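Asks: next comes the sequence, and after it the predicted model I'd like to discuss.
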Amino acid sequence: MTERIALSSDVQLWSEEIGAPARPPVLLIAGGNQSSRAWPREFVDQLTSRGLRVVRYDHRDTGRSTARDFDAHPYTYTDMARDAIAVLDAHDIAAAHVVAMSMGTIMAQLLALDHPERLLSLTLMLGGGLDVDFDGNIERLFKGEASIDGLPLPKPDLLDALALMSEPVDGPAAEIDRRVERSRIFSGDQIPFDSDEFRRWEQEAADHAGTTTEPVAHHMLPSHPRERAAELARVRVPTQVIQALNDPIAPPPHGRHLAEQIPGARLVEIPGMGHALPGAVHTPLAEAIAGHALTIRSRGGH
């Protein structure tokens with residue numbers, strides 16, 4: 001394992017590389033307010049055991065990366081996409097297979113538009129297209145309004161999770177328990193949920209960051225550039241979209257809608273999977289990601 005600090009504009013980004021240097025590189029981009037630990041080490045090991053090397057990193061304002069007051073130091077999704085490029089530079093990687101989940105899929109789509117030469121392939125999971133107004137859809141869910149784009153709103157489970165996270169808790173242990181319960185809500189009831197597994201991962205994330213206080217800066221990001229969605233039609237990066245069939249935040253057919261916007265993109269559906277990465281889905285996810293990546297010839301990645 002190699003730890004490195006990437007410099008992006010005026011922030012420092014903590015990152016690590018796991019796996020043999022000669023293997024094809026995979027960059028993992030986590031979701032909103034998540035650090036590198038959103039990708040469990042057990043899942044990372046599944047990727048490396050299939051012949052890949054993995055780079056995971058802490059978004060700005062998470063983990064061990066630079067954290068500042070957002071109002072004093074605002075940034076955009078485009079800035080965060082540039083952060084991913086800075087991480088590749090720090091690891092001397094010319095181009096990588098990029099795997100992104102949740103909010104990270106927005107960043108990855110911007111990478112495909114603005115930095116296609118740095119991508120060997122793209123896997124987008126637990127997210128939706130650039131044209132989807134996710135912030136507005138959450139507001140519509142709160143108000144009991146209907147979708148305006150023909151795609152389903154998040155499920156009411158999201159409101160349950162938000163209510164849970166707004167409740168006060170007494171101490172670090174209770175905070176960890178609350179996060180585990182949120183993951184239970186997001187995972188749904190169609191696949192096994194191991195609370196001890198998630199508790200361990202949440203504790204690892206807290207230990208990594210040095211605090212149980214959860215980051216919130218990404219909630220303050222301005223809306224992503226939905227006007228750029230039409231540009232996805234010119235993307236030539238080999239892409240697959242993974243749809244979790246029990247995802248309460250980006251439920252079907254959000255994945256199909258996204259895949260249809262990128263020429264040649266393939267859709268992979270994971271039965272029972274929600275908006276989380278329990279051990280029960282690590283194997284099918286790793287198989288899909290590695291299978292996609294290893295069919296792509298390297299374009300000069302180190």
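Replies: Happy to help now that I have it.

Asks: so V235 sits against P116, correct?
Replies: Yes. The pair V235 / P116 is scored as a contact, 7.0 Å apart, by C-beta atoms under 8 Å. Just so you know, the C-beta spots here come from the backbone N, C-alpha and C atoms, and that holds for glycine as well.

Asks: so between these two, which is more surrounded?
Replies: V235 (19 against 14; other C-beta atoms under 10 Å).

Asks: how near is that one to Q243?
Replies: Noted for V235: a distance of 18 Å to Q243, by C-beta to C-beta, to the nearest Å.

Asks: same question, D189
Replies: Remark: distance between D189 and Q243 (C-beta to C-beta) = 18 Å.

Asks: which of the two has more neighbours?
Replies: It is Q243, of D189 and Q243, that has more neighbours when counted by other C-beta under 10 Å, with 25 against 11.

Asks: for that one, grab phi and psi.
Replies: Here is the backbone geometry of Q243 (degrees, to the nearest 10): phi -100, psi 120.

Asks: in this structure, what spans have low per-residue confidence?
Replies: 297-302 (pLDDT under 70).

Asks: now the helices for it?
Replies: Taking DSSP state H, the helices of the chain run over residues 41-48, 77-90, 104-114, 134-143, 157-166, 172-187, 195-209, 254-261, 282-293.

Asks: just those: most buried one?
Replies: helix 104-114 (a mean of 24; mean count of other C-beta atoms under 10 Å).

Asks: show me what that one is packed against.
Replies: strand 25-29, helix 77-90, strand 96-101, strand 119-125 (3 or more C-beta pairs under 8 Å, 6 or more residues apart in numbering; DSSP states H and E).

Asks: export those to CSV and tack on distance to E204?
Replies: Rendered in CSV, the data for those read as follows (distance: least, C-beta to C-beta, whole Å):
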stretch, distance to E204
strand 25-29, 15
helix 77-90, 20
strand 96-101, 18
strand 119-125, 21
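
Asks: closest to I5 out of those?
Replies: Smallest distance to I5 across the helices and strands packed on helix 104-114 (C-beta to C-beta): 6.9 Å, for helix 77-90.

Asks: run the chain-centre distance for that closest one.
Replies: For helix 77-90, the separation from the chain centroid amounts to 14 Å (computed by C-alpha atoms, centre = their mean, to the nearest Å).

Asks: dump it to CSV, keeping only the CA atoms.
Replies: C-alpha atoms of helix 77-90 as CSV (Å, rounded to 0.1, in the frame of the first residue of the first chain):
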residue,chain,number,x,y,z
TYR,A,77,-18.6,19.6,-9.1
THR,A,78,-16.2,20.6,-11.8
ASP,A,79,-13.6,21.4,-9.2
MET,A,80,-14.1,18.0,-7.6
ALA,A,81,-13.7,16.3,-11.0
ARG,A,82,-10.3,18.1,-11.3
ASP,A,83,-9.5,16.7,-7.9
ALA,A,84,-9.7,13.2,-9.4
ILE,A,85,-7.2,14.2,-12.1
ALA,A,86,-4.9,15.5,-9.4
VAL,A,87,-5.0,12.1,-7.6
LEU,A,88,-4.1,10.4,-10.9
ASP,A,89,-1.2,12.8,-11.3
ALA,A,90,0.0,12.1,-7.8
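
Asks: who's in contact with that helix?
Replies: The contact list for helix 77-90 (C-beta atoms under 8 Å, 6 or more residues apart in numbering) reads 4-9, 11, 13, 15, 27, 29, 55, 57, 59-60, 94-96, 98, 106-108, 110-111, 114-115, 118, 221, 224-225.

Asks: touching, A293 and P24? I think so.
Replies: Yes. Contact criterion C-beta under 8 Å: A293 and P24 qualify, at 6.1 Å.

Asks: overlap in contacts, the two.
Replies: Jointly contacting A293 and P24 under the rule C-beta under 8 Å, 6+ apart are L52, H97, L120.

Asks: scan the residues you listed and report the most crowded one.
Replies: In terms of neighbour count, H97 stands highest of the shared contacts of A293 and P24 at 27 neighbours, by other C-beta under 10 Å.
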